Every structure is written in structure tokens, then in C-alpha cells.
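*Asks:* Got a sequence here, can you model it:
(chains A and B)
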Amino acid sequence: MSAVLHAHPESGPALGITTTGKTRRTLSEAGMRGRWWRFALILAITAIVLVPIMVTVILALTPGPNSTTTGLTFENITGVFSKTLAGVWLQNSLVTTLSTVIVSVAVAAPAGYVLSRGRSKAVSGYSLLLFVMQSLPIITSVVPLFILFAAMGLVDNLMGLTIIYVGSTMTVATWMMAAYFDSIPISLEEASWIDGCSVFGSFTKVVLRNSLPGILSTAIFAFLLAWNDYLVAIVFLRSNEIFTLPMGVQSFFQQNLTDWSGVMALAVIMMLPPIIVFAALNKYFSVGGIGGSLAGR
Amino acid sequence: MSSTTTSSGLARARKGLAPGGSGGGTGNRKSKLSAQTSRTFFWLLLPSVILLVLIHGYPLFHAGIQATHDGNLIQTGSFVGLENFQKVLSSPAFWKAAQFTLLFTIVGVFGSWAVGLGLALLLRTKIPAGGTFKVLLLLPWVVPIVVSSTAWNWLVATPDSLIPSIFRNLGLGTPLFLADPTLAAVTVMIFKVWVSFPFMMMMTSAALASVDTTVYEAANMDGASRFQQFTQITLPLIARSTYISWILMTIFCVNDFPTIYLLTGGGPVDATTSLVVLAYRTVFQDFATGPGVAIAFLMTITLVVVSVILYRQIRKSSVE
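*Replies:* You can find the predicted model right below:
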């Protein structure tokens, strides 16, 4: 336990995560007096909250029971790559997730534009439909899709997995894009129409070009959802070499004696990409965000 | 999606501004552009509609068929009407799971809201390294559930795990966090709050950041206490965002599968079986497709009703 707690002060800055200075409002001097008291409290809370994550990292870097080395080591991580299909799983996860992100944004951005600019009954009806669909339990559609995909040879297939991930991310992604487009003044487009630009032209040249933060926050959302999914993977993936990382991590538990150093090494590999993505792009996500998209509409 | 309806849409969106040329377009020009607009809108929306029909519409329709038939994953059997629903609604397992789902959702929503709000308030004032804490505290939400459930397993699963050993060393006995039905339910809910509070913190922080601080200065001058300021000013000002975050978290909690399944598998003795876990096990472990889909369908109907009502509420409050 003490090792866990002590590890924290170093592990924080070591991640190198800093947020850009968002305007933080200070409430009079009363807030300032409590500064150090607050600092200590938040430090303690953060330390406790991060225990499970620190445990994972520490176990991944600690020599396993059969190891002869002492101190911190990377042998669990190299071992998991050489002894299991971790490399293949990582590749499967990356391919599926990145395809999901790209297709999801490519579908959601144009649809979001129509949702944002269109004012007809059909458009608002479609918006409602998307909202309802995103709230439904995925288990309802998974069973029929399993039967359909089995007939099409898409079970135990990364493409089948990607199609479902795109389907489940596109609803919220469309809303997020629409909320972002709402913030782009229509007068910008009007100027381009006057210059003879078509509607599609103004969408790509004016709106999309000014939408990088919105696209990135939608992309992060799709990334997290596809990378973290477990339910669809457990239903649709059957064979070892098609596993994505969540299934890979879970496959360690099928043995009677769990290889904790191995599973934690793989867990660390699995949690690094989302942490890196989030650390690099966090400011975009707080600008957009799922909640923000709903709040903005 | 008819293309004629969307065309009138953009015309209105443009608020009467004459497009297509300077000095005000003629009626002919205008209709030409709105015809072009509706065509463009149609093509822009088409991929989304196709996907929605393929991934959401068709499965929902097919689920309706399965729910009213017996059979299994390989073969849909004969039509049985509402028999599957009757079977499900009369089974104690369903009601037990419904009860647990309700409790899990209430604790998940308000537990994560309370923690998230507290931390958002704490982080609002200037604290050294406040930004770093903000990002570090998001980690439970960013780290995949498969990873965090593995870590939680390591921490609590067996009597020799870290946290039970700490309890033992403190002379508090050795709690079996995942083997005792009540403790397992509590553990799953704490785990859910741990996973979800960063989302609530993020939502609340964003709402708090948009609150105009001069309101507080006025309240300070009027001699309002900190607590009064919190209940009378802060909470009402972030009410809309709070409301939306509750809605979203309710949907997340009701539909949550991995948080529960990965930590307890629904056990011990079904103590932590939620409706999604029950539906999953009915279909993929008992191979009873009809009843499993019927459970999912009952959840679906409930969520459709709830989300349409809530959607209306959001729309209404955004007009105000």
C-alpha cells in the first residue's frame, strides 16, 4: 500500500499532462485562503482514486513470480508480446478503432451539418430518432445482428466489429457534430454563396475547414467507445487471432491461476493509447464533449 | 427522408437572405438554390440514414420477430405471440434484475454526481497544479473498463487481496467483497461511481465555468452565506446541465454491461445481475433467444418512452 501511495507524486508529473490555462475564476479572497487546505485534500482524493491504475502499472513493472530479476522491469511487457498474441491483438484493436473513428466522423459530419442547418420536420424527426437510438441497450440489436452477420460471414471478423462500432458511435457523433456546427455562424456560408459557392462547397470549404475542434472531440469520443468496448467483442469474436485487446486481457482469466504480471502488462498496453490521446487532445474534448452537444441543442 | 421538406428548411434557416447573388436574387434563382440545397442535404444525410437503418432499424425490427418466436441463435422457431414476454414478466429473476438495475442506476447517477460536483467545486478555485489534477481525475473514465475491472479484481477478489488484507490488519475481519451478495452489490456500485464521476465532474466544471462570477460578489455584499450561495445561486444556474448529465448517466447505467459483468459476472447468486446481464446470459449462455430478446425489448420500450419525454424536456428548456 505504501508503495502505491508513494508512487503517486512521481507518476503524476511523469505523465507530462498539463492542461492549457483555461480561465479559472477565483471567488474573492475567501477562496484563496483555503488554497493549501484544498490542495492537500485534492491530492489525497486523487491518490486514493488512482490506486487501481497505479496498482496496474506497478504490477506490470514488477518482476513476476518466476523471474530472477529484482527492481522495476519491462520483462512482463516484452514477455506478453513474445508469449501471447498481444501484438496481433494490439494491431486488431488499432485497425478496428481507427477505421471506426474515420468512418464515424465521415458519416456524422455531413449528417450533423444537415441537422444543424435544416429546419424541417423531417430533420428534427431524424434528430429525435438518433437521440432515441443512442439510448437503446445495444444488446437488443446485437442478437439480430449476430444472426445477420453470421449469414454474411461477418462474425469473428474485424470488419463486422467495425460496422457495429460505427453504428453505435454515429448517433452521438452526429449530435456532437451538429452542436459544433451550430456554433459556426451561417453568415460565413452566406458570404461564400454570394461568391458562387454551392451548398456542398460551402460545407466542405467553409464549415469543415473551421471545425477541427469539433471533429477532434467527435473522433476522441468514437475512439474511446471503440477501444473500450467489451460487449460487442465478447459476442462477435471467437478465435484468438481475431481478438481485440479487451478479449485478449480477458483470455488471461480463463486459466485457473491468473498470471497477474502478464495480465497487468497487457492492461498497461491497453490503457496507454486512450491516455495518450486524451492527454494530447483533452482541451478539444472539454470544448465539445457529449454533454456539451446535448446542452448546446 | 423526403427532399422537398428539407428544402423549405434551409430557406427558413437563411432567414430570408437572398442567396446566389448580390442585390437580392429573384424568386427563380432562390428556388434553384433551394432545390440544389435539398439535393445536397439528401446526399449528405444518406450514409447516416443507411447506417441507421442497417445497424439500428433492421435489428430492432428483427428483435421484434425474435421476441415473439421461440428458437435459438441458429434458427428462429415458431410464432408464440407474447408468450416470451409473459414468461419473462412472471419470472422472479427478471424482477430481481429490474430491482438491481434500478438501485444500480440511482446509486450510479447520484453517487457519481455528488462526487463529481464536489470535485468540480473544489477544483474551481485556484489550486496549485489544479489543471494536472483535473486531467488525472479523468483517468478512471478514460481507462478501459477491462483494465480497471482487472485492477479492482486484484484489489478485492480474494481474502488475500490487498484491501481485504488491510481490513484484516485493522482488525475489521476479512470482508469477501465479491463473494457476499450484499458486499458484491455495494462493490459494483462503488466501482460504477469510480468509473463515472469524472464524466459528471467534466459536465459540472463546464457548467460552472460559464457562471458569471459577479453574481457571487453581489451575493457576498448582501451577506449570503457560502451554503446559501451554493443552493440559491450555483445549483439553479447549473440546473440545465445537471439535468442533462442525469439523463445521460441514467442511460449509461441502465445499459451498462461490462462494469458489472467483468467484476462479478452477475453473481454471487445473481445478486448483481442487471437486466442487460440477464438478457446477455439468457441469449448466449442459456441459448433462449426469445426470452432474452424480450428482456432487451422491455428495456428498449422503457428507454424509448423515457428518452422521448426527456428529449422534449431538453428541447423545451432550450427554447426558454
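*Asks:* In chain A, where's the longest helix?
*Replies:* Identified as the longest helix of chain A according to DSSP state H is helix A:86-117.
*Asks:* where along the stretch 201-320 of chain B do the helices fall?
*Replies:* Per DSSP state H, counting those that start in this stretch, the stretch 201-320 of chain B carries helices over the ranges B:214-221, B:226-229, B:235-237, B:239-254, B:258-264, B:275-284, B:289-319.
*Asks:* what's the closest of the ones you listed to residue B:44?
*Replies:* Among these, helix B:289-319 comes nearest to residue B:44, with 22.8 Å by CB to CB. Where C-beta positions appear, they are placed from N, C-alpha and C, glycine not excepted.
*Asks:* Residue 176: how many residues sit nearby?
*Replies:* You didn't say which chain, so I picked chain A. Each residue near residue A:176 was counted by other CB atoms under 10 Å in any protein chain shown, and the total is 30.
*Asks:* could you do chain B instead?
*Replies:* 15.
*Asks:* what angle do the helix or strand where residue A:123 lies and helix B:289-319 make?
*Replies:* Residue A:123 is part of helix A:121-135, with elements assigned from DSSP states H and E. Angle of helix A:121-135 versus helix B:289-319, following axes from the mean of the first three to the mean of the last three CA atoms, to 10 degrees, is 130 degrees.
*Asks:* Just the CA atoms of helix A:121-135, as CSV, please.
*Replies:* The C-alpha trace of helix A:121-135 is given here as CSV (Å, rounded to 0.1, in the frame of the first residue of the first chain):
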residue,chain,number,x,y,z
LYS,A,121,-40.0,18.5,-39.6
ALA,A,122,-38.1,15.6,-41.3
VAL,A,123,-34.7,16.9,-40.0
SER,A,124,-35.9,17.4,-36.4
GLY,A,125,-37.6,14.0,-36.6
TYR,A,126,-34.3,12.4,-37.6
SER,A,127,-32.6,14.2,-34.8
LEU,A,128,-35.1,12.7,-32.3
LEU,A,129,-34.6,9.3,-33.9
LEU,A,130,-30.9,9.5,-33.4
PHE,A,131,-31.4,10.5,-29.7
VAL,A,132,-33.7,7.6,-29.1
MET,A,133,-31.4,5.1,-30.8
GLN,A,134,-28.4,6.1,-28.8
SER,A,135,-30.3,5.4,-25.6
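*Asks:* Wondering if it reaches chain B at all.
*Replies:* Yes - judged by CB under 8 Å from any CB of the partner chain, helix A:121-135 comes into contact with chain B at A:121-123, A:126, A:128-135.
*Asks:* Other residues contacting whichever helix or strand comes after that helix?
*Replies:* Counting by DSSP H and E, the element after helix A:121-135 in chain order, helix or strand, is helix A:138-152. Taking contacts as CB atoms under 8 Å, 6 or more residues apart in numbering or on different chains, the residues outside helix A:138-152 that touch it are A:155, A:157, A:160, A:164, A:167-168, A:231-232, A:235-236, B:55-56, B:58-63, B:66, B:73, B:255, B:257, B:276, B:279-280, B:283, B:289, B:292-293, B:296-297, B:299-300.
*Asks:* Just the buried residues out of these, in PyMOL syntax.
*Replies:* The PyMOL command for the buried members of the contacts of helix A:138-152 (criterion: 16 or more other CB atoms under 10 Å in any protein chain shown) is given here:
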select buried, (chain A and resi 155+157+160+164+167+168+231+232+235+236) or (chain B and resi 55+56+59+60+62+63+66+73+255+257+276+279+280+283+289+292+293+296+297+299+300)
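*Asks:* before we move on, back to that, so what does the helix holding residue A:123 touch, helix or strand wise?
*Replies:* Judged by 3 or more CB pairs under 8 Å, 6 or more residues apart in numbering or on different chains; DSSP states H and E, helix A:121-135 is in contact with helix A:86-117, helix A:158-182, helix B:3-13, helix B:289-319.
*Asks:* and that helix, how far out from the chain's middle?
*Replies:* 23 Å (CA atoms, centre = their mean, to the nearest Å).
*Asks:* which residues sit against it?
*Replies:* With CB under 8 Å, 6+ apart as the criterion, helix A:121-135 contacts A:114-115, A:168, A:171-172, A:174-175, A:178, B:1-2, B:5-6, B:9, B:45, B:49, B:52, B:56, B:251, B:255, B:303-304, B:306-308, B:311.
*Asks:* Could you check the angle it makes with helix B:239-254?
*Replies:* 50 degrees.
*Asks:* thinking again about what came up before, centre of the chain versus the longest helix of chain A, how much separation?
*Replies:* With CA atoms, centre = their mean, you get 11 Å for helix A:86-117.
*Asks:* same question, stretch B:152-170
*Replies:* 31 Å.
*Asks:* Could the C-alpha coordinates of it be exported in PDB?
*Replies:* Once non-C-alpha atoms are left out, stretch B:152-170 reads as follows in PDB (Å, rounded to 0.1, in the frame of the first residue of the first chain):
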ATOM      1  CA  TRP B 152     -10.300  -3.900  -9.000                       C
ATOM      2  CA  ASN B 153     -10.400  -7.700  -9.100                       C
ATOM      3  CA  TRP B 154      -6.800  -7.800  -8.000                       C
ATOM      4  CA  LEU B 155      -7.600  -5.400  -5.100                       C
ATOM      5  CA  VAL B 156     -10.700  -7.100  -3.700                       C
ATOM      6  CA  ALA B 157     -11.400 -10.500  -5.200                       C
ATOM      7  CA  THR B 158      -9.800 -13.000  -2.800                       C
ATOM      8  CA  PRO B 159      -9.400 -12.900   1.000                       C
ATOM      9  CA  ASP B 160      -5.600 -12.400   0.400                       C
ATOM     10  CA  SER B 161      -6.200  -9.400  -1.900                       C
ATOM     11  CA  LEU B 162      -4.800  -6.000  -0.900                       C
ATOM     12  CA  ILE B 163      -8.000  -4.400   0.500                       C
ATOM     13  CA  PRO B 164      -9.300  -7.400   2.400                       C
ATOM     14  CA  SER B 165      -5.800  -7.800   4.000                       C
ATOM     15  CA  ILE B 166      -5.900  -4.200   5.100                       C
ATOM     16  CA  PHE B 167      -9.200  -4.700   6.700                       C
ATOM     17  CA  ARG B 168      -7.800  -7.800   8.400                       C
ATOM     18  CA  ASN B 169      -4.800  -6.000   9.700                       C
ATOM     19  CA  LEU B 170      -7.000  -3.300  11.100                       C
END
